[in-house]
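Here is my input, please return the structure:
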Amino acid sequence: MITIEQLITRIEQRQPIVNKADINAEQLHQAFDSVGSLTTATHKQLSFLADPNYISSLANSQAGAVLVTAEYLDQVPHTAIALVVANPYLAYAGASQLFARESLFNGIHPSAVISESAVIAEQVNIGAFCVIGDNVHIGAGSSIDAHVVVEDNTKIGHNCVIKSHVVIGYGSIIGNHVRLHANVSIGSEGFGFAPTRDPSTAGWERIAQLGRVVIGDHVRIGSNTCIDRGAIDDTVIGSHVIIDNLVQIGHNVRIGDGTAIAAQTGIAGSTSIGKRCIIGGDVGITGHIEIVDDVILSGMTMVTKSIKKSGSYSSGTVAMPTTEWRRAAVRFRKLGRD
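Here you go, the predicted model:
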């Protein structure tokens with residue numbers, strides 16, 4: 001159970017509770033077991049109003065506490081404790097972490113295979129059937145679930161969470177407070193090949209990938225995402241980057257701090273992406289280009305050249321009735337012949 005006092009402490013890491021002085025001692029000790037929507041929450045749940053479109057649900061909500069802006073304070077039911085903030089959605093995001101189930105410290109499972117030269121700090125979990133290679137360093141408070149492979153000379157910071165079946169390639173550098181979800185591949189061989197005179201008979205000559213992957217602090221990487229090691233220089237993911245499931249990041253890519261990348265995006269090798277960019281789902285980005293800071297790419301955008309000015313960019317066509325799309329496609333082909 002989480003008390004109002006604990007909620008306030010967590011939320012105020014990002015923003016103040018405007019009406020904190022109005023909350024009495026009894027209310028500070030009121031406890032909650034989860035988060036609920038305005039329409040379904042019970043008196044043991046915290047709720048929030050982040051979108052004014054849902055204001056009609058506030059007056060009749062049974063929630064025990066509600067995160068709201070000052071504008072809607074007078075509409076909070078008298079049965080609920082109002083927590084007034086400038087950004088209720090941000091406050092909800094922080095508060096939600098208090099209710100999340102996390103693995104407790106269990107130590108090192110006896111089936112884990114750990115090199116004698118590995119350095120394991122205090123309060124580290126290592127689950128069943130993990131393999132920890134030579135000269136690996138794992139920071140204090142990190143948790144590694146079952147069937148994880150950490151190859152030689154890798155460094156993992158403190159308070160990281162690494163879920164099952166993650167593979168971290170040799171020499172990778174993982175910062176602090178990093179979360180790697182199931183089946184993530186970090187530092188695998190990049191897609192580098194040189195063509196022979198006739199690849200159909202002589203094949204392709206593999207280029208050994210000699211760089212590393214370097215990941216900053218407070219990075220989140222979703223399930224089945226692959227980040228390739230550099231061919232010569234490193235592949236670098238900045239701090240506070242969030243990456244969704246099923247994203248492919250090629251060798252030597254550099255991603256700036258605070259950038260967000262949605263699912264099924266593909267970024268080809270040696271591309272540099274700036275800080276605070278937002279990349280929608282199923283975006284394709286060609287290699288050897290530069291995207292500056294503060295760029296937004298809407299879903300299914302195809303980027304084939306550098307973007308040198310901040311702003312929002314889109315490509316492709318939205319869905320329309322098939323007969324209309326066919327007529328539009330014919331006209332588009334004709335434009336190409338003009």
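
Torsion angles phi and psi at Arg229?
Main-chain dihedrals, Arg229, degrees, to the nearest 10: phi -70, psi 160.

Revised request: answer the last question for Ile17.
phi -90, psi 110.

For the spatially closest residue to Ile81 that is not a sequence neighbour, grab the count of nearby residues.
Closest residue to Ile81 apart from its sequence neighbours, by CB to CB, 6 or more residues apart in numbering: Ala65 at 4.3 Å. Any C-beta I mention is one placed from the backbone N, CA and C, and that applies to glycine too. The local packing of Ala65 (other CB atoms under 10 Å) involves 24 other residues.

mind listing what's buried in stretch 76-95?
Neighbour counts over stretch 76-95 (16 or more other CB atoms under 10 Å) mark 76, 80-85, 88, 90-92, 94-95 as buried.

among the residues you listed, which are in helices?
Pro88, Leu90, Ala91, Tyr92, Gly94, Ala95 (DSSP state H).

From Lys44, how far off is the second one?
So the one you mean is Leu90. Separation of Leu90 from Lys44 (CB to CB, to the nearest Å): 23 Å.

same question, the first one
For Pro88, the distance to Lys44 under the criterion CB to CB works out to 19 Å.

Determine which two of the ones in helices among the buried residues of stretch 76-95 are furthest apart.
Farthest pair in those (CB to CB) is Pro88 and Gly94. Separation: 10.9 Å.

and Lys334, what are its phi and psi?
phi -60, psi -40.

Equivalent analysis for Glu151, please.
Dihedral angles (degrees, to the nearest 10) for Glu151: phi -80, psi 170.

doesn't Gly169 make contact with it?
Yes: taking CB atoms under 8 Å as the definition, Glu151 is a contact partner of Gly169 at 5.4 Å.

can you list residues touching both of those two?
Gly187 (CB atoms under 8 Å, 6 or more residues apart in numbering).

on that earlier part again, could I get the ones in helices among the buried residues of stretch 76-95 in CSV, plus columns for pLDDT?
Shown next, in CSV, are those (pLDDT from 0 to 100):
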residue, pLDDT
Pro88, 97
Leu90, 97
Ala91, 97
Tyr92, 97
Gly94, 96
Ala95, 96
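
now, among these, which is nearest to His218?
Once CB to CB is applied, the member of those that ends up nearest His218 is Gly94, at 13.5 Å.

Against Val35, how distant is the closest one?
11 Å.

Mind listing the residues bridging to the residue nearest the centre of the chain?
Nearest to the mean C-alpha position of the chain, by CA atoms, centre = their mean, lies Ile242 at 2.9 Å. Going by DSSP bridges, Ile242 is paired in beta bridges with Arg220, Ala260.

Now do the contacts for it.
Contacts of Ile242 by CB under 8 Å, 6+ apart are Val219, Arg220, Thr259, Ala260, Ile261.
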